[in-house]
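**Q** have a look; sequence and predicted model below, questions after that.
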Amino acid sequence: MANLSKLAVNDGHGENSPYFDGWKAYDANPYHPINNPNGVIQMGLAENQLSYDLIEEWILKNPKASICTNEGISSFKDIAIFQDYHGLPEFRHAIAKFMGQVRGNRVTFDPNRIVMGGGATGASEMLMFCLADPGDAFLVPSPCYPAFDRDLRWRTRMQLIPVPCSSSNNFQLEKEALEEAYEKAQQANIKVKGLILANPSNPLGTLMDKDTLTTLVNFINEKNIHLVCDEIYSATVFRSPKFVSIAEVINDPNVVCNKDLIHILYSLSKDMGLPGFRVGILYSYNDLVVACARKMSSFGLVSSQTQHLLALMLSDEKFVARFLEENAKRLAKRHKLFTEGLEEVGISCLRSNAGLFVWMDLRGLLREPTLEGEMKIWRIIIHDVKLNVSPGSSFHCSEPGWFRVCFANMDDHTMEVALQRIRSLVDQKKESSVKSEIPVVKDNKKSQKSLHLSFTARRFNENVIMSPRVMSPHSPLPHSPTVGAST
Amino acid sequence: MAVGIEKPSVGLSRVAISETHGENGIEKPSVGLSRVAISETHGENSPYFAGWKAYDENPYDEIMNPSGVIQMGLAENQVSFDLIEEYLRQLPETSFGGDHVSNFRENALFQDYHGLPSFRKALATFMEQIREGKAKFDPARVVLTAGATAANELLTFILADPGDALLIPTPYYPGFDRDLRWRTGVEIVPIHCNSSNNFQVTRQALEEAYNSAKAMNVRVRGVLITNPSNPLGATVQRQVLEDILDFVTKKNIHLVSDEIYSGSTFSSSDFVSVAEILEARDYKEAERVHIVYSLSKDLGLPGFRVGTIYSYNDKVVTTARRMSSFSLVSSQTQQLLATMLSDKKFTENYVRTNRERLRKRYDMIIEGLKKAGIQCLKGKAGLFCWMNLGPFMDKPTKESELALWSLIVHEAKLNISPGCSCHCSEPGWFRVCFANMSEQTLEVALKRIHDFVNKQR
């Protein structure tokens, strides 16, 4: 039978890593408050489900925004034919305005630099196609978003060089680490084309301050490489300090920067909780990139039906202001509830003020400070505690023991159940430990055994449990079964 | 195809955006962009875009600009919108799917690359309906992509490595140059067809194309056909399909059948899908066959970006699904179309009525052209006809064709597509779209052609 391409048969899709055990376990046994209260709670999916009511309310009040309602159907034909890759002008204007509002109107965005992509996934790949040739590399601070491996490298054939950050300084990116990574690449004859980072950070939930961003700008200008800032979580900042966008930094007259090197990635999947709508945005200060990316966006345009809806919604300044404020409040509340609940049982998280997750420190619970140690505790969390959390190793974190835990993709009750389970895990560990405090002593097999017995009668199965349908974490049935797609 | 008119940027040097020259040389990009970014494989600097620009600068409008350029280069279907609008109007509010609030959050969250099950099923059923049940489609093999543009590129990424080639019969859709080659690094090797046999693919032409690739040391991974054909507006004959299938089997390569115009045949009996042939062969060797479809032409919804890959190869389905992450269909749009396409009454009426209207338009334009002494290829499908202006050219050359075309654009003020933009090896043919305008506009266009031809004599 005719062969497929190398791309088709390699692992670039990223789905074969052990990281997906958690997804499979969830998929095979999803939590439901009534039907399956002992199921796995999904805490590995960075979704924002806290503010739908606000959007739903707006939609009810604005039937014209839909081309299917009686009020909106007169627009149907024009919208249905519209496939111009420039995008609906009103859509571009609304996005530019929205991005400005998210940044407190401290900076404005030019609608003519807005280019669409198939979600942030499509937009980021598209940008890499514009900036990097096969074999070229981008530096990326780690820990970082796992799907960058697939999104940025798979079909573009470029490489990613991690710049490790450590807990010793709260995972902040150090100039020395950047220089070192850059030098190493030079010596290995690898062409570095740029630096890509997410700010606010996934998985850390932290922000870069202006000084750091300025340092980065200086760095990339000196090396004449590109800087890509993925600001997809920009409106999830729920507490001070305020978010500083790269747009603000290069707008500062005191900052010297070749603007042709600066590009921003954005999407509505996190800030507004609309991942299904596939709204990816590239905002580039480089005219050639805008021109090229625009043509390339043909491969992932936003549905004109969706452009039309969002054009109206996002240009409603009052709605946007209220949404941003209320959304931040709810995130703050949820974050506080969760982190305080963890603190109560002696689990701390990296101090953060953004994102839909926390970066939880479980180093104290590891039997050994290694990847294997991390994997062991992670499997316990999935199979015995029944929480799908994401191990730090899947984010290329160089330090074992950290876990990303999402808190915005569930209701209050489920959150409480999750906290309860975490409390139990730690209590059990405490009880069975020889020493009175955590961490659990090395080689204490007794504690390990009692942990198992206390939670489940069945033996923990080390083998991957394949669900009948293999689901991808990048596009799973991710949310609580109460919101599962039933059609 | 998704198009935008790029006005040339002021102050950028030719070097910055120039094509690569020389055998080995990739001009080192001065601004640090990739080779893909600098190359011209996006295809938009070809001379035929001059027609678009002429239209863009002076678009025809019945009332506001009756002497403007009439757009006849855009293969859009605007003849049946009223049917869709009527359908939507009579739908009760509760079934507007993703637009209705109680369903909103579930729909807004849905980003599963398997796609909405109800939509996949409705799409598979719709594809069966178009083929009058002569072939079955399994919803589990339907992979959704943002338009056929994405589907074709995606398949190319999966079936071929950079430097490999796909064989494509000429003339072909100009967008393939970009869609199949630009980011994939895959080549297109033409299978030359000509008017001596109505541009049908022959076994000899297939072998010649394959051998010419071999001579260039290029590995052929598959054949890609469009059936019904763009720009010919003709369906591929059953025997030719059988020949192509035998050929790809013999060479152990893939076959992609882009059936995007399958619902636009004037009579359902005229079209034979490769799916039917496979069913007749009991699906032997089916794993090398992949069908591309979209709702952009048949339903006239190009803005919604709905494309699909239907593959008989499990590995291709799995890989395509994963790769579709870069170009998923908006869940809001999936929901709307799932509702619409699940309504058998609506779809049957639509498919039938749409066909009748297209046939009527086709007859009208053929008649009008005949009066002007112009012959067209006998067509049975599509949103355009393939017009022969060879007799009006002094020399049967590409230059003559382009000169004539330029006159048509600037004097007759009609933007039609010259055959060379479709890589036709026989000069003198032009593609003329007829479904993207009102009947009145079509009358005006036909009169202009008539007058223009008279002037030339």
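**A** All right, it came through fine.

**Q** report the residue spans of the stretch 201-350 of chain A with pLDDT below the cut-off.
**A** For the stretch 201-350 of chain A, applying pLDDT under 70 flags no range at all.

**Q** can you show me the helices along it?
**A** Here the stretch 201-350 of chain A has its helices, by DSSP state H, counting those that start in this stretch, at A:210-223, A:246-251, A:287-296, A:304-314, A:317-344.

**Q** quick one: end-to-end distance for stretch B:52-68.
**A** Taking CA to CA, to the nearest Å as the measure, stretch B:52-68 stretches 13 Å from start to finish.

**Q** would you map the strands across the stretch 51-200 of chain B?
**A** Taking DSSP state E, counting those that start in this stretch, the strands of the stretch 51-200 of chain B run over residues B:70-71, B:142-145, B:165-169, B:187-191.

**Q** wait, does the shortest one contact chain A?
**A** Going back to what we said before, that points to strand B:70-71. No. Judged by CB under 8 Å from any CB of the partner chain, strand B:70-71 stays clear of chain A, getting no closer than 11.8 Å. C-beta: built from backbone N, CA, C; applies to glycine.

**Q** mind listing what that strand pairs with, with the direction of each?
**A** strand B:414-415 (parallel) (DSSP bridges).

**Q** so who does residue A:334 touch?
**A** Applying CB atoms under 8 Å, 6 or more residues apart in numbering or on different chains to residue A:334 gives the contacts A:50, A:407-408, A:415.

**Q** so what touches stretch A:168-178?
**A** A:139, A:141, A:143, A:163-165, A:195, A:197, A:201, A:204, A:206, A:208, A:212, A:215-216, A:219, A:350-351, A:359.

**Q** can you pull the buried residues of that stretch?
**A** For stretch A:168-178, the neighbour count (16 or more other CB atoms under 10 Å in any protein chain shown) marks A:171-174, A:177-178 as buried.

**Q** again with stretch B:349-357
**A** By neighbour count on 16+ other CB under 10 Å, the buried set for stretch B:349-357 is B:350-351, B:354-355, B:357.

**Q** again with stretch A:34-45
**A** Neighbour counts using 16+ other CB under 10 Å place A:39-45 of stretch A:34-45 among the buried residues.

**Q** dump these to a markdown table, plus secondary structure.
**A** As requested, the buried residues of stretch A:34-45 are arranged in a markdown table below (DSSP: H, G, I helix; E, B strand; the rest coil):
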| residue | secondary structure |
| --- | --- |
| A:39 | coil |
| A:40 | strand |
| A:41 | strand |
| A:42 | strand |
| A:43 | coil |
| A:44 | coil |
| A:45 | coil |
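
**Q** put together JSON lines for the residues you listed, with distance to residue B:166 on each row.
**A** Listed next are the buried residues of stretch A:34-45 as JSON lines, based on distance: CB to CB, whole Å:
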{"residue": "A:39", "distance to residue B:166": "47"}
{"residue": "A:40", "distance to residue B:166": "45"}
{"residue": "A:41", "distance to residue B:166": "47"}
{"residue": "A:42", "distance to residue B:166": "42"}
{"residue": "A:43", "distance to residue B:166": "45"}
{"residue": "A:44", "distance to residue B:166": "40"}
{"residue": "A:45", "distance to residue B:166": "38"}
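
**Q** what is the nearest of those to residue B:115?
**A** Distance ranking of those against residue B:115, using CB to CB, places residue A:45 first at 18.5 Å.

**Q** pLDDT score assigned to the closest one?
**A** Predicted confidence (pLDDT) for residue A:45: 92.

**Q** check residue A:470 too.
**A** The model's pLDDT for residue A:470 equals 33.

**Q** try the one 5 residues further on
**A** Here the pLDDT value assigned to residue A:475 is 38.

**Q** cool, and residue B:90?
**A** Model confidence at residue B:90, given as pLDDT, is 87.

**Q** give me the distance between stretch A:399-407 and the centre of its chain.
**A** Distance, stretch centre to chain centre, for stretch A:399-407: 13 Å (CA atoms, centre = their mean, to the nearest Å).

**Q** do stretch A:92-103 as well
**A** Per CA atoms, centre = their mean, the centroid offset for stretch A:92-103 relative to its chain is 21 Å.

**Q** that stretch near chain B at all?
**A** No. Stretch A:92-103 stays clear of chain B (CB under 8 Å from any CB), getting no nearer than 12.0 Å.

**Q** quick one: contacts of that stretch?
**A** A:86, A:107-112, A:114, A:234-235, A:243, A:245, A:247-248, A:266, A:271, A:281, A:283, A:310-315, A:317, A:320-321, A:324.

**Q** tell me which of the buried residues of stretch A:168-178 is nearest to chain B?
**A** Of all these, chain B sits closest to residue A:178, with 18.0 Å by CB to the nearest CB.

**Q** avg pLDDT for the helix or strand hosting the closest one?
**A** Element membership of residue A:178 [criterion: DSSP states H and E] is helix A:175-187. If you average the pLDDT over helix A:175-187, you get 97.

**Q** and what of stretch B:260-272?
**A** The average pLDDT for stretch B:260-272 rounds to 91.

**Q** neighbours of residue A:54, how many?
**A** By other CB atoms under 10 Å in any protein chain shown, the residues close to residue A:54 number 17.

**Q** just say helix, strand or coil for the closest residue in space to residue A:130 that isn't next to it in sequence.
**A** Take residue A:130 and drop its neighbours on the chain: the residue closest to it by CB to CB, 6 or more residues apart in numbering or on different chains is residue B:37, 4.4 Å away. Here residue B:37 is recorded as helix under three-state DSSP.

**Q** and the pLDDT at residue B:37?
**A** Per-residue pLDDT puts residue B:37 at 85.

**Q** correct me, but residue B:266 touches residue B:359?
**A** Yes. Residue B:266 lies in contact with residue B:359 (CB atoms under 8 Å); the separation is 3.6 Å.

**Q** neighbour count winner among the two?
**A** More neighbours surround residue B:266 than the other of residue B:266 and residue B:359, with 24 against 16 (other CB under 10 Å).

**Q** distance of the more buried one relative to residue A:360?
**A** Distance of residue B:266 to residue A:360, computed by CB to CB, to the nearest Å: 64 Å.

**Q** residue B:69 too?
**A** Taking CB to CB, one finds residue B:69 at 63 Å from residue A:360.

**Q** for residue A:265, see how far away the residue nearest to residue B:330 when sequence neighbours are not counted is.
**A** The shortest distance from residue B:330 to any non-neighbouring residue, by CB to CB, 6+ apart, is to residue A:303 (3.7 Å). From residue A:303 over to residue A:265 the distance is 20 Å, taken as CB to CB.

**Q** more neighbours: the two, which one.
**A** residue A:303 (29 against 22).

**Q** would you agree that one is in contact with residue A:276?
**A** No. With contact defined as CB under 8 Å, residue A:303 does not reach residue A:276; the gap is 10.6 Å.
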